[in-house]
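K.L.:
model this:
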Amino acid sequence: EQTSMKRKILIISYIAALIISCAKDPTLPNESKEELKDYRVAMAYYNSLDYVNAILGFSNFISSYPDSKNLPGVYYYRGSSYFETALISKRNADFNLAKSDFEKLIENYQQSEYIDNSYYWRGRSFYELGSLALSSNPAQVTNVNFTSARVDFKIVTGKFTTSSYADAAQFYLGVSYSME
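P.N.:
Next up is the predicted model:
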């Protein structure tokens with residue numbers, strides 16, 4: 001019953017975080033009409049919770065507009081889409097793809113409006129990878145995923161104290177300690 005309650009709390013906090021993240025929509029100030037159309041199509045899929053097609057749309061955007069000033073948002077939403085599919089599939093590969101997109105954003109776009117969210121979601125990706133490993137083989141779980149998650153959650157709670165994810169990062173920071 002305690003596990004069920006934890007799961008409900010996690011789901012509620014995740015839904016709240018998702019609603020907050022959907023509120024951000026880059027304005028694409030210097031885009032061509034095609035770039036704007038491609039972005040809006042991908043976002044329409046994302047907003048309609050069709051994450052598979054959103055991933056395809058964002059991937060197409062990245063390959064079609066590799067120098068776009070709007071790549072931070074595209075990486076963020078594609079990473080979020082991978083994370084959503086990973087929650088359903090419970091596949092390490094999907095969480096790793098999400099983590100990879102958030103890492104691209106963190107490594108290349110430190111001034112982006114999505115930077116705080118990216119640290120949070122990369123931390124969540126590490127956390128979920130740790131949870132999957134724990135559930136599949138509790139005796140041989142390494143602490144590396146939970147440790148990496150804590151690093152990101154500490155960044156959010158320390159550097160981005162006004163972030164919409166600060167409270168959720170604090171929650172997962174505490175939970176990640178209990179998972180070991």
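
K.L.:
contacts only, for the residue nearest in space to the middle of the chain.
P.N.:
Centroid-nearest residue in the chain, with CA atoms, centre = their mean: W121, separated by 3.4 Å. Each residue near W121 by CB atoms under 8 Å, 6 or more residues apart in numbering is listed here: 79-80, 83, 98, 102. Just so you know, the C-beta spots here come from the backbone N, C-alpha and C atoms, and that holds for glycine as well.

K.L.:
TSV for the residues you listed, including distance to F58 and pLDDT?
P.N.:
TSV is the format used below for the contacts of W121 (distance: CB to CB, whole Å; pLDDT from 0 to 100):
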residue	distance to F58	pLDDT
G79	9	97
S80	10	97
F83	13	96
A98	12	96
F102	13	97
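
K.L.:
and those residues, which of them are buried?
P.N.:
Among the contacts of W121, those classed as buried by neighbour count (16 or more other CB atoms under 10 Å) are 79-80, 83, 98, 102.

K.L.:
put together CSV for the residues you listed, with secondary structure on each row.
P.N.:
Below are the buried ones among the contacts of W121 laid out as CSV (DSSP: H, G, I helix; E, B strand; the rest coil):
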residue, secondary structure
G79, helix
S80, helix
F83, helix
A98, helix
F102, helix
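
K.L.:
from these, which is closest to K154?
P.N.:
F102 (15.7 Å; CB to CB).

K.L.:
and that closest one, how far from A42?
P.N.:
17 Å (CB to CB, to the nearest Å).

K.L.:
Y65 now?
P.N.:
Y65 sits at a distance of 11 Å from A42 (criterion: CB to CB).

K.L.:
higher neighbour count, these two?
P.N.:
The neighbour comparison of Y65 against A42 (other CB atoms under 10 Å) goes to A42, with 24 against 18.

K.L.:
these two touch, right, the more buried one and D50?
P.N.:
No. With contact defined as CB atoms under 8 Å, A42 does not count as touching D50 (10.1 Å).

K.L.:
list the buried ones in the one helix or strand S63 maps to?
P.N.:
Take DSSP states H and E as the rule and S63 turns out to sit in helix 51-64. Using 16+ other CB under 10 Å as the test for burial, helix 51-64 gives 51, 54-58, 61-62.

K.L.:
and it, what does it pack against?
P.N.:
helix 33-47, helix 71-89 (3 or more CB pairs under 8 Å, 6 or more residues apart in numbering; DSSP states H and E).
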